[in-house]
Structure formats: structure tokens, C-alpha cells
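Participant: Below are the sequence and a predicted model for it; my questions follow.
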Amino acid sequence: MNAEFLRNRVKLFEGFDEQRLSELVAGSRIESFASGERLAHAGDAVHFLGIVLDGEVVATVDADGTPRELGRLGTAETFGEMALMTGDAALADLTAVGACKVMLVPLTLFQSHVMAEPRAVQQISRTIGERFRQVMADPANVAAVARKDDVDGLLALKGERPERLLILNCGSSSLKWSVFDTVQPQNDAHGHIERIGSSGTRLAQHGPRCEVTRKLSPGGHSQAFEAMMEALLDRGSGVIADVSSISAVGHRVVHGGEKFTGPVIVDDAVLDQLEALAPLAPLHNPVNVAGIREARRLFPSVPHVAVFDTAYHATLPAPAFLYGLPYDYYENRGIRRFGFHGSSHGHVALAAAQYLKKRPRELRIVSCHLGSGASLCAIDHGRSVDTTMGFTPGEGLVMGTRCGDLDAGIIAYLQRNEGISVTELDKVLNKDSGLLGLSGISSDMREIEAAADAGNTRALIAFKVFCYRVRKGIGALVAALGGIDALVFTAGIGQGSAGVRGAAVQGLQCMGIHLDEARNRAATGKEAERISSDSSPVAILVLPTDEERMIARESLKALSRDYLVRASEACRSEPIPVEVSAHHIHLSQEHVYALFGEGHELTKHADLSQPGQYACKEQLAIVGPKGRIERVRVLGPARKATQVEIAMTEQFKLGIQPPIRESGDINGTPGCVLEGPAGSVELEKGVICALRHIHMTPADALRYGVKDKSSVRVRVMGDREMVFGDVRVRVDRNFALAMHIDTDEANAANLGNGAQGFIDGVQDEG
């Protein structure tokens, strides 16, 4: 009956054959809603096309606390098209008017069946256009939609299908696990086993029924996994009924090297590659891999996802990740800075944005993960651009037992004069140093502070050294960012020590960082709290980290991506045209007049590939502190703000070091002087190196299995076949399909206009 209803009543499915309609019905689900029940919330991610089978649905937005109606949908009408096409969150709340019944078509079916039918795509485009015009015709609707907050769901765990995820963090002497239910989060549970392989082994699990703690007999990781399964399956206090209750398993893996820059579905080939990375993290990766193998034995029928600590820092630019060693050490031996604590830094960046009611790409954040292991991270508009840990987790701050930054000459000195072995050195640097080595008391900051309060001089020295290194690191990363909007403290010390936080920000008022001492002392670290003063230009936050939730979020993204990739595999072989974008200038109308004369209009020289964009006959000189570039072409039409895009190699010539940003994202960027025939303009900001990107229509994005703001890897063909990572997808109905790279990137691959690229993988869902 439902197939007949779709064919005869729903305009979108006119022309669909019986087989395709039957597959759509079989793969979709029917849900009934009572009067007043919410079908969808504004700001939520959208994973389904909705079809009203019976009843009526009203769409509303919040207008200063009062629901404002945008429109109503009756039987045989559809919803969710715009969000599916753009990848944006839901625009409005959808509520049942009386009892109603709807069919929910999953995104993968929508992509593989609906988007494969040209007439359906045309119908969707007409529907979106009509609704957009209807809503935006009323200025009050425009204002209400503009106020829509779409950041509350940044940390939500939702996917196309219901999932119950088991998240595992297998360490050398511990095993941590969490169970996340995407439909019923009240069923979430967390547990851990500590002191594996020694006396005093203990298990603790907190679930929806009760909290369980018990001693375990000494044993290895196999015994620990058995104990975890007993706790999870226990009839009285357990979390799951049987093994089949788990739909996917996510694993924390410390090191992904340069190979793994995002979460990945684990197969035998991936496991072999992870084992090959063991020399980069000999204390962590082997036990991570052993944990994955054991979990695959226990849960053989579900997908397993590896999530990497290092992946979050894959966006570090070369000046941040290169050491001052001979280049061969990086190029042929892989020695570079990788960074760690990625899941924690990624989580608090999203949590800070959510707390501040900002999008992550609107903020410059310094994240301070201060625990037994400690690191800082500079996050520029959602991208890690520098961090204190390096090739190993031993670089950077003073930590519980690690020394942090060290003059490499000390190692040579000890080997030459003391005859100390590599094993002894490793023990000194990673086990006997840090807070423990400086204080001679403990690696635990709580015990250090207690001893310092009691007058212990070495404990006080250890405290001061730790806080000084944090303060110095914050200052360095603020300089790397060119400014700061939020400073975030997290992890055991960051959340638990008001003394450390206070000492770490002392003297940073010159950077706009003003602490409220009373708020700082009162902060518990158990929830998100602001500890900056009301007048502080920079928000100082204390946020609890939740690495397991972030691993779950990344696992869901990998699963969703896997579903989409399989649904769009045929499109992955379709080429994307590659265009080389030389340096250029976008001007505001005000600056057009200042540079070319009052009343001047830009003159078209040639159309560009993107509709409505063109190269102008007008050219300008860009002048920097060090030099100038003549005859730089202006692109039209005029924009709201002036923007200058240059290649990396031109930075040195001008004496300007702009960040890598998306076009239009110019806050906190350096300026320059533009010289024209009628005058000059001094820009305070606006110079960027453009992030390589792909322009797509919504239909293109669905065909390729990506969405707006996704980051992908693109393989380009030519004399030097290369894979470009961190390519941002930009989706708009007015775009034409094309990948844009700058002249430096084109030269590296020996490419010119007319080259082709192929999506090689999705790094981030955006």
C-alpha cells in the first residue's frame, strides 16, 4: 500500500518503477505521532526525508520565546529536503497537528534512489525554492530564522540509524569502556579496570541500574576483557542483554601517524598498518591493537572504528610540525610533530562553542588539557594549528612524570659523560621526571599542592615550574593564533585545581585574559563554568572533558560516512575538474571607489567557472612590510568586505604570514596596503592563504556522499600523482562543480587548469 501511495500521491516519486519504490518502502520506517508531539527539532542534524502519510505537520521557529509558524504540511507532502541537500541542521521545529503518521526515508536511500532520478531532483529543487520564497517573503520570518541557534547539538550522538556503541580505551595497565545509546541516552554506562597485571586490580562500572565495584584476581588484558563482559552482561547490574545489543565498537588509538587523519573502519589491512606504526608509540599502539583484536573476537559481527589521538592535529601547518632537523629526517624518516590528546581538545572546542553559543569556526581557542599527561592546543576556527606535544607525548609541558621540553644536548651529555643507556634515559625522561622528579614527593598535583601549603620547598618549586610552563605556553599559542576568544581548562588538574588555573593566567591581562578569583575558587570542574570576569574580552572556561563521547561521535561519523560511501560508490569514480587559482583581490564597493575613483564600476574581463563570478580588467599592487606584488587582478562582483588571497611562497616576498582560511573568514587576519590608480587603502585585516576547496551543488554533494563543510582527500592525476588532504567542501545551489587549489599546490603536483581529481576519502564530516 505504501508503494502505491508514494507513486500515486507523492509528486516526488512520479515515474519511479515498482522495484525502486518497493526498496524505498522496505528500507524506510513508519512512525506515528500524537497531537503536539515533536517530529524534529530546529538545530538537529537531519538524516531522513520525511513523508506525511496521514495528518498535518506545522513548522515553527522560536521568535523570542514564542513559536512563530512558518507553514504547514499535509498528507503526501515531504520535509527535510533542504537540510539533506545542504547538510545544514533542521531550520524549524516540526510538530504534529492532531494525530499523524509519517514515513522516514534514510539518507542513504534518499541519496542512492531519489537523487539518482533526474525528475525527482528537479522536483526537490522546485519545492525548496517555493518554500524558501514563501518563508523569506515575511521579514519577521527572516529575523526569526536568523536567531535560530544551531550549536546546541554539537556534541549530540545521532546517526542515520539507532546505534548502541561500545567505546574502548585499552591502556598498558587499564581498560576503560563506555556504552552510548543514541536513542535512549539514559541507558549510557561507563566502566574501567585499573592495575591490570598487578595486585590490587579493581573493576568499577556505573550504569542505569546501579554502580558496581569489585576486586579482581591479577591477570592480563584477556582476563580484563572477560571481566568487562561479565559486568556488561550481568543480569542484575549489567547494561546490555547480549552481545548482539552492541551495534558498533569504537577504539581509542594513540598514534595514527600521517596515514590516519580521521576515524577509520577497522579491517585486517588497517590492523596491519596500525602495527606498523608501533615504533611511533611503543607504549601505546601495541596494546591498542591488542585491544582491537580482542574486541573483534568478542564482537565479530559489528563494525569496529579506530579513532586516533593524533588525527585532530592533522591540520597543523608545516611551520608548526617541522623540527629544525635536516629535511630528510621528515621526508624519509617521518620525524615530525604529531600532537596528542586530540579527542580531548576536539571535545572541549565543541563544548566551548556550545557554551558560548558560537559556531566552532567563529572562535580562536587555547585548550589546556592538564592532567598526568598535559598539553595545550591552539584551535583556529575549528582547526588545530599548533600544540605543545610533538613526535611523542613527552614534548611540551612539565607533566606528572614526564619532563616536557628538554635541550637535546642534555641527552648527548648524559650518554657521553655518564654512559647512560637508552632504556635508562627513557625511564628518566618518562617515569622519574616531571612533578615527581622535581618535588621528590608525588606525580599527583593534589599532593604537590598539599605539601606546598605545608611549607615543602621542593613541592612549591614543582608547582611553580608547572604553572610557569603552562602560562608561557598559553602566551605562545595566543601569538600563533594572532589573538584569542576563549581559554579552556580541562582534565584532572585543569578541572580540579583553582590554584593552578590562577597561577597559569597570572600576568596575561595584556592579552585580554582577566580571571574572576571568586568564580575560579568556586568552580567545581564537574560542569561547564565561566571563571573570567564580566569585563574580560576573553572567556575563560572550565569544562569537563569527555574523550569517550568524542570517540563515540567520531565513530558515528565514520559509520555514517561508510554508509554514504557505499551508497555513492559509483560516483566516486566521477572526476572533479581542478582549477588553479592565482593570487587575487576581492574588493568592497567602498574600496573600489577609493582605489579607482568615486562612482567607478568594476569592468568584466572574463567569466570565471563559478556562475556570476568574473575576472576584472582592474589590477592593483599589494604592498607588505617587506615588498610588493604588482598587477594583481581584482575579481568581481564587489563584496561586503575586501579580501586578498596569496600563495604561501608570496608570504616571504610581502613580509606577511596570513593563516589558511576559508574565503570570507578574515577575522584576526593580517592586513596590507592596496595601491590603485586613484589612491591607496590600508587594510587592517583581510589577507589569507585560501584553504583548498571544492565547489559543489547540493545534488553533487549527495552524489559524492559529502556535505557542506566536509573535509576530504582528493587524488589528482598528472605527472606527479598526489593526494591532497584537508580539502573543504563548499555547497551552494549556485555553485558549479570545481576544485580550487593555489599556484603553489599546482606546482607541487605539476598541474594546470584542465586537471582532474577524484575523492579518495572523507576526513571530517564538518
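Facilitator: Now that the structure is in, tell me what you want to look at. Numbering: from 1, shown residues only.

Participant: In space, what's closest to residue 233 - neighbours in sequence excluded?
Facilitator: residue 240 (6.4 Å; Cβ to Cβ, 6 or more residues apart in numbering). Glycine gets a C-beta too; all of them are placed from N, C-alpha and C.

Participant: how close does that neighbour get to residue 202?
Facilitator: 22 Å (Cβ to Cβ, to the nearest Å).

Participant: can you check residue 409 too?
Facilitator: Residue 409 is 43 Å from residue 202, where distance means Cβ to Cβ.

Participant: Tell me who's in contact with the closest residue to residue 288 other than its chain neighbours.
Facilitator: Sequence neighbours aside, residue 253 is the residue nearest to residue 288 in space, at 4.6 Å (criterion: Cβ to Cβ, 6+ apart). Taking Cβ atoms under 8 Å, 6 or more residues apart in numbering, we find residue 253 in contact with 260, 274, 285, 288-289, 292, 306-309.

Participant: How confident was the prediction at residue 253?
Facilitator: Looking at residue 253, its pLDDT reads 93.

Participant: ditto for residue 138
Facilitator: pLDDT for residue 138: 61.

Participant: ok so, going back, what's the burial count for the residue nearest to residue 233?
Facilitator: Look at residue 240: counted by other Cβ atoms under 10 Å, it has 19 neighbours.

Participant: do the one 4 residues further on as well
Facilitator: The local packing of residue 244 (other Cβ under 10 Å) involves 11 other residues.

Participant: And the one 10 residues further on, by the same measure?
Facilitator: Neighbour count of residue 254, defined by other Cβ under 10 Å: 22.

Participant: What backbone torsions are found at it?
Facilitator: Here the main-chain torsion angles of residue 254 (degrees, to the nearest 10) amount to phi -70, psi -50.

Participant: Could you name the helices and strands sitting against the lengthiest strand in the chain?
Facilitator: Looking across the chain with DSSP state E, the single longest strand is strand 48-63. If contacts are counted by 3 or more Cβ pairs under 8 Å, 6 or more residues apart in numbering; DSSP states H and E, strand 48-63 sits against helix 2-9, strand 38-40, strand 66-73, strand 78-79, strand 93-106, helix 139-146.

Participant: Just put the contacts of residue 253 in TSV and tack on secondary structure, distance to residue 70 and neighbour count.
Facilitator: Formatted as TSV, these follow (DSSP: H, G, I helix; E, B strand; the rest coil; distance: Cβ to Cβ, whole Å; neighbours: other Cβ atoms under 10 Å):
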residue	secondary structure	distance to residue 70	neighbour count
260	coil	43	21
274	helix	49	25
285	helix	51	22
288	helix	49	26
289	helix	51	22
292	helix	47	22
306	strand	42	27
307	strand	38	29
308	strand	42	31
309	coil	43	27
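
Participant: tell me which of these is nearest to residue 58?
Facilitator: residue 307 (39.7 Å; Cβ to Cβ).

Participant: Test my guess that the closest one contacts residue 347.
Facilitator: No. Here residue 307 does not reach residue 347: they are 11.6 Å apart, not a contact under Cβ atoms under 8 Å.

Participant: what is in contact with these two at once?
Facilitator: Listed contacts common to residue 307 and residue 347 are residue 550; contacts here mean Cβ under 8 Å, 6+ apart.

Participant: where's the residue nearest to residue 162 when sequence neighbours are not counted relative to residue 84, distance?
Facilitator: Nearest non-adjacent residue to residue 162, counting by Cβ to Cβ, 6+ apart: residue 183, 4.6 Å away. According to Cβ to Cβ, residue 183 and residue 84 sit 21 Å apart.
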